[in-house]
Structures are given as structure tokens and as C-alpha cells.
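>>> Model the structure of this input:
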Amino acid sequence: MNLHAVYHLLGQVLLLLALFLLVPACVALFYTEHGAWSACLRSSAISGAMGMGLVHLMTRQIGDQSEYGPKKRSLGTRRNLLLLAFSLGCAVVIGFLPWGSADDILDLAGSLPTFGSASSDQILLGGQIGVILLALMALVHQLRHDRKRAELNQKEFYRREGLAVVGLSWLVAGIIGAMPFLFSGAIPQVVDAFFESVSGFTTTGSTILSADGIDGMSKSIAFWRSFTHWLGGIGIVLVFVVLFPAGGRSLFRSEVPGVSREAVHQRVRDSGVGLMRIYVGLTIVQVALYMLADLPLYEALVHAFGTLATGGFSSHSESIAYFNSPLVEGITIAFMFAAGINFAIYDTVLRSGPKRGWRMAIQSSEVRVYAGVMGGATLVIAAVLWFWGGSNGVAGSELPDYSRVTSALRDSSFVVSSIQTSTGYGTADFDQWPHFARMLLMGLAFIGACAGSTGGGLKVVRFMILAKASLRSFQQFARPRAKLLVRMNGEPLGEDMVSGIVGYFGMWFLIFGSATLCLTAMDIDPLTSMTGVLATLNNIGPGLDMLGPTQSFGWMPDLGKLLCCVLMLIGRLEFYAIVVLFLPRFWRI
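Numbering: from 1, shown residues only. This is a model prediction of the structure:
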């Protein structure tokens, strides 16, 4: 394995994270949240210091060049050790700076002299803006003028290196993303902050925060919390592929396992740019529609980040129900549904026009099944809720009133869309619903959205292939000599793909069962354990019982939270990019 390439590209991912952390720092300046500004800037500085150390590592030759391969090279030099020690030391010093709180910064402002008509507060604001601009220029310069990037050509960068960079990038993102929560005091516990960060980047939406913790969070930290969704939805590594396409095909396939064959055959940079344009364009459209529905820009951005990424973090503990607006709920349903469709269809719309894209969507059996399952489940659950009635209009009851069909259909359509696409937004506490509706929702969480989308779950296409492969096995038993093929959209699938999907289901159930046993061993009841594993492994967000839509993971022991973090990472990267990191043979040079 080319470890030099892995470390170098991982360093560039750290620099990108440092760049992204400047965004909530700007939001903190806008809302004059000095403590949050310091927290985001310090986190950016730590990420930048570590990134600088990794990208400037150099290799030295060991041994002579053999006739069977190139010269062997090593990273174990005194210069590299000193460089890493220096960057780590800088990160530690920055992390323990004594001026991190809002009171410290205000005291600093009070000690500043005045110049002319400018007050000390204005001078402080100018200094804060200057620091952000200085950090921005330093990071952009390093990212755009990296001389060692030319060394990382396609010949030295294969799928193994791509898997290593993708898996490590998500682990590093979870660690760096936790720092603003810690430094700002919004989440003072390390494990809790790491859980919240991983949940954000993996677009899971599970939280350890109570209702008061969510409602009392500063605007800039709440913005960062939702911004991690948006970054995780498009994939921080995909952003990296667009900017630095060296070795990009391996990274692209590792980060976006559901892309179409056409996208893989295109130039990697073109495919990445196309997906970025679709993602950013849909986000802008949703923000504009939210603002037309009378949402402020801040609220529109926060909830658009959670919708397109199918994450579910909100700035309010009541989630979308806070707005009590059928129009806002309708916009959210439409974009949750759109986020669960294979992005290759949107790419076809951009490249070949809406007519061909619409034809591709209609002809796709996966999209038809996805829409059919969602529509059918909505009607079934709406009927169940209507017959159940809830409180039936009785005053003082804690149950919702479903005596009207419209109320049942409104909540059913939103919750079904949210659960199947793994978004996790809520307008009703579905844990109060009848058992049949609750179990059906968990079944939808198990199925998930389309492959190649930002949605979670096991994906509709995998269930379709598994069902067809199972049917073929029965037909093969009846007609042993017949040559039967599994087909999707009229095209035969290779046996390696079919066996791979069967193996994927086997791996999923093995991890699901093992993780459920681990949680029950921590004295957590079986229903909570099973739905908690399902919610994190499939990146859904809420579960049932003690992890229902109005509950949180905050009561869970730290070991259980760390296990859920691993499950979220495994589910986001669909097993392989995380599991291979624990195989010793994978790291052999």
C-alpha cells in the first residue's frame, strides 16, 4: 500500500475540514456569539495544523531498485517525526488556549484602545474578521498550491488506497467535528460530542441532546450541527475528488457505491462536478421555497441541510412540527422523496435534458417500487390511524387527534417519507401509534431509499435483487437444467453481483444481531436495543421505546454510544470501507 499517498490525501481532507469550519465561525460573528466563534476557529486551527503536518511528509528511499518493481520508500525519517510532533504540539497548544470563552473575548475587547470614532467592539469585530480571512487565505493557498500532488498519480493510487482514505476520512471528520461542541460547552462530554458529530456526518440524525439542549444551543453551533449533515450527504471525500482528481476513480467508487455505470465510465472529475451541481442546486431551490413559506434564511438553511442529506437535525426540539405549517411539511416531503432517488437520474437530466431523465425514472423498476412502497405505506398507515382515532377529539388527552382523515393522512405521509428516506424529521410521535403502524415504519427503515441517493437503509434495489434471486432458486429446484438469470430493467446481472448482494445481507444480519446482543448485555431492553441498532446501522435516526422520536441516546452508557458510532460509520460507508480498516492484511505494504 502507498501509505505516503494515503497520509497526504488524508491531510488534504483535514485542510478541507478546517476550511468548512470557518463557515460556522462566520455565522457566529453575524450573531455576535464570541464563544462559538472561538470554538469554531480553534477547531479549524487544530484541523489545519494536523493537515499541514500530513501533507508535508516526505519519503526516503530504502534499498536498491529491483528488476521486479520500483525502489522501496519509507516514511520513517527523523524529519517526518519532528514534523508530526510539531504539528501535534501546535494542535494541543491551540486546543488549550486560555481565551476560549465569550467572557475572555469580551474582556479582551474592553482592554483594546479606541481609534478615532471606532469603538473597542468594532475593533474586536474587525480583528475577528481579519483572523478568519487570514485562515481562509492560508488554507486556500495550501490546497491549491500543493507541489506534492503531482506525485500522487493514478499508477500509485488503487482501490485499496481509496478505501483507506475514505474510511479514515470519516473517522477523522467525526473527531474534528466534535471539537466545536466541546470548546463551546454545548456538549461538554467527549463521547457525547463524538456521537453527535458522527451522527451528523453520517446523516443519521440520532442525538444525545435533550429538548432543552437543542432549544438552548447557540445559532452558530446549531448551524454547524446541521452543516455536518450537508457535508456528509454529498460526502467530504467527494468534494475532495472534485478538487483533487488524482486517484479519484478509486475514491469515487469507494465514496459513492451506488452510482450508475454511465457515471463510472465518465471522467471522474466530470461525474463529481455533476453530482455537486445537483446537490447544491437542489439545496438552493429548497431554501428558496422555504423562504417563500415564510421561514427565515437561517431556519431555511438549517432544515434544507437536513432534508437533502436525509439527516434530520433541526434547530428546534419539536423538529418540523415547530412551524405547524402544511406548506413547510409539503416542501419537506417533496425534497425528502427527491433525496431518496438515485442521483444518476438527475445527472441524466443535466446531461441529456428533462425528457430523457423523466423517461429514465419511469423505466427504472427501482424508482417505481420505491414510490409504490412509500405511497402504499402512507395510505395503509393513514387508514390505521383513522380507524384508531387517537384521542378522537377528547380534550386533555396526550394522544393526537386522528378523528379526521386529513389529519391521519398529513402525519402519515410525512412520517413515512421521513423514515423510509432515513431523514428522521418528525411532525408526530409515532411511538404512540398502534403497534402495526410502528412495526411497518421499522420495516420501511429496513428497506430504505434508492441506491445512489443520500438516503439510508439497505436500499430498494438490493431487496429486489434478493427477491428475484430467491425466486430463481425455487425455479432452479423445479427445473435443474434450466439456465435462469436474474434481471433488472431487462438486463441480466452477473452472478458475482448477485452473490455479493446475498453476502451483503448476510453481513448486515450478522452485525445487526451481534450489536443487538451487545446492547442488551448493557441492560437495555430488547425493543430499544433492536430499534436502536436499526436506527444507527441504517442511518435512520429515531427508534422506538426509549429511543423514540421524542427521546435521545443521552441516557445510554458511553460504551453503547461508541458502539452506535461504529454502526453509523459502517452503515454510511456500507461496511467495506470501515471493516477493511480492521484487517491486518489490508495494511501490508
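>>> Poorly predicted segments of the stretch 451-589 of the chain, please.
Under the criterion of pLDDT under 70, the regions of the stretch 451-589 of the chain flagged as low confidence span 577, 588-589.
>>> That one: strands as residue ranges?
Secondary structure of the stretch 451-589 of the chain (DSSP state E, counting those that start in this stretch): strands located at 487-488, 491-492.
>>> Among the ones you listed, which comes closest to residue 506?
Closest approach to residue 506 among the strands of the stretch 451-589 of the chain (C-beta to C-beta): strand 487-488, 20.4 Å. All C-beta atoms are positioned from the backbone trio N, CA, C, and that covers glycine.
>>> May I see the strands of the stretch 451-589 of the chain organised as CSV, with distance to residue 544 and mean neighbour count added?
Output for those, formatted as CSV (distance: least, C-beta to C-beta, whole Å; neighbours: other C-beta atoms under 10 Å):
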stretch, distance to residue 544, mean neighbour count
strand 487-488, 33, 14
strand 491-492, 39, 8
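>>> Export those strands to TSV and append columns for distance to residue 12.
Below are the strands of the stretch 451-589 of the chain laid out as TSV (distance: least, C-beta to C-beta, whole Å):
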stretch	distance to residue 12
strand 487-488	37
strand 491-492	38
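>>> which one of the ones you listed lies closest to residue 436?
Here strand 487-488 is closest among these (C-beta to C-beta), at 31.3 Å.
>>> What pairs with that closest one, parallel or antiparallel?
strand 491-492 (antiparallel) (DSSP bridges).
>>> Excluding covalently adjacent residues, which one is nearest to residue 421?
Among residues not flanking residue 421 along the chain, residue 340 sits closest, at 4.0 Å (C-beta to C-beta, 6 or more residues apart in numbering).
>>> pretty sure that neighbour contacts residue 419?
No: at 10.9 Å, residue 340 does not count as touching residue 419 under the criterion of C-beta atoms under 8 Å.
>>> In contact with the closest residue to residue 493 other than its chain neighbours, which residues?
Spatial nearest neighbour of residue 493, chain neighbours left out: residue 486 (4.8 Å); criterion: C-beta to C-beta, 6+ apart. Going by C-beta atoms under 8 Å, 6 or more residues apart in numbering, residue 486 touches 465, 468-469, 472, 492-493, 498.
>>> ok, the residue nearest to residue 421 - how many residues close by?
For residue 340, the count of nearby residues is 27 (other C-beta atoms under 10 Å).
>>> Which stretches in the stretch 451-589 of the chain count as helices?
Using DSSP state H, counting those that start in this stretch, the helices found in the stretch 451-589 of the chain span residues 460-478, 495-521, 526-537, 558-572, 576-579.
>>> Counting by contacts, list what the first one packs against.
If you count contacts as 3 or more C-beta pairs under 8 Å, 6 or more residues apart in numbering; DSSP states H and E, helix 460-478 packs onto helix 365-388, strand 487-488, helix 495-521.
>>> How about the last one?
Other helices and strands packing on helix 576-579, by 3+ C-beta pairs under 8 Å, 6+ apart, are helix 159-184, helix 558-572.
>>> Let's see that with 10 Å instead.
In terms of contacts (3 or more C-beta pairs under 10 Å, 6 or more residues apart in numbering; DSSP states H and E), helix 576-579 is packed against helix 159-184, helix 248-255, helix 495-521, helix 558-572.
>>> now swap in the fourth one and tell me
Using 3+ C-beta pairs under 10 Å, 6+ apart as the contact criterion, the neighbours of helix 558-572 among helices and strands are helix 159-184, helix 190-201, helix 495-521, helix 526-537, helix 576-579.
>>> so which of these is the most packed in?
helix 190-201 (a mean of 26; mean count of other C-beta atoms under 10 Å).
>>> just checking, what packs against that one?
helix 159-184, helix 219-234, helix 526-537, helix 558-572.
>>> Go ahead and list the helix or strand containing residue 27.
Taking DSSP states H and E as the criterion, the element that holds residue 27 is helix 22-30.
>>> Show me the shaky parts of the stretch 201-350 of the chain.
Those would be 235-272, if you go by pLDDT under 70 across the stretch 201-350 of the chain.
>>> which residues in it form helices?
Going by DSSP H, counting those that start in this stretch, the stretch 201-350 of the chain shows helices at 211-215, 219-234, 236-243, 248-255, 261-265, 268-292, 297-308, 326-339, 343-352.
>>> just those helices: most buried one?
The stretch of these with the highest mean neighbour count (mean count of other C-beta under 10 Å) is helix 219-234, at a mean of 25.
>>> what separates that one from the chain centre, distance-wise?
9 Å (C-alpha atoms, centre = their mean, to the nearest Å).
>>> Tell me who's in contact with residue 331.
285-286, 289-290, 292-293, 295, 300, 303-304, 307, 320, 325 (C-beta atoms under 10 Å, 6 or more residues apart in numbering).
>>> if you set the cut-off to 6 Å instead, what comes out?
Counting by C-beta atoms under 6 Å, 6 or more residues apart in numbering, residue 331 touches residue 289.
>>> From residue 473, how far off is it?
44 Å (C-beta to C-beta, to the nearest Å).
>>> Go through the helix or strand harbouring residue 127 and flag the buried ones.
Assessed by DSSP H and E, residue 127 sits inside helix 120-144. Residues 120, 124-125, 128, 132, 135-136, 139, 142-143 are the ones in helix 120-144 that count as buried (16 or more other C-beta atoms under 10 Å).
>>> same check, this time on stretch 442-451
Here stretch 442-451 shows 442, 444-451 as buried, counting by 16+ other C-beta under 10 Å.
>>> May I see those residues organised as CSV, with secondary structure and distance to residue 384 added?
Formatted as CSV, the buried residues of stretch 442-451 follow (DSSP: H, G, I helix; E, B strand; the rest coil; distance: C-beta to C-beta, whole Å):
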residue, secondary structure, distance to residue 384
442, helix, 14
444, helix, 14
445, helix, 17
446, helix, 19
447, helix, 18
448, coil, 22
449, coil, 23
450, coil, 26
451, coil, 30
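>>> from those, which two are the most distant?
442 and 451 (20.8 Å).
>>> Report the buried residues of the helix holding residue 27.
In helix 22-30, counting by 16+ other C-beta under 10 Å, buried: 22-29.
>>> Contacts made by that helix with the rest, please.
36-37, 40-41, 44, 128, 132, 136, 220, 223-224.
>>> what's near enough to touch residue 204?
539, 541, 568.
>>> how about a cut-off of 7 Å?
By C-beta atoms under 7 Å, 6 or more residues apart in numbering, the contact set of residue 204 is 536, 539, 541, 568.
>>> quick one: the second one from residue 421, how far?
If I follow you right, that is residue 539. Distance, residue 539 to residue 421, using C-beta to C-beta: 10 Å.
>>> As CSV, the contacts of residue 204 with distance to residue 372 would be great.
Below are these laid out as CSV (distance: C-beta to C-beta, whole Å):
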residue, distance to residue 372
536, 27
539, 23
541, 24
568, 29
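>>> Closest to residue 276 out of those residues?
Once C-beta to C-beta is applied, the member of these that ends up nearest residue 276 is residue 539, at 21.0 Å.
>>> Quick check: residue 416 touching residue 377?
Yes: using C-beta atoms under 7 Å, residue 416 is in contact with residue 377, at 5.0 Å.
>>> Now list the buried members of the contacts of residue 486.
So, by 16+ other C-beta under 10 Å, the buried ones in the contacts of residue 486 are 465, 468-469, 472, 498.
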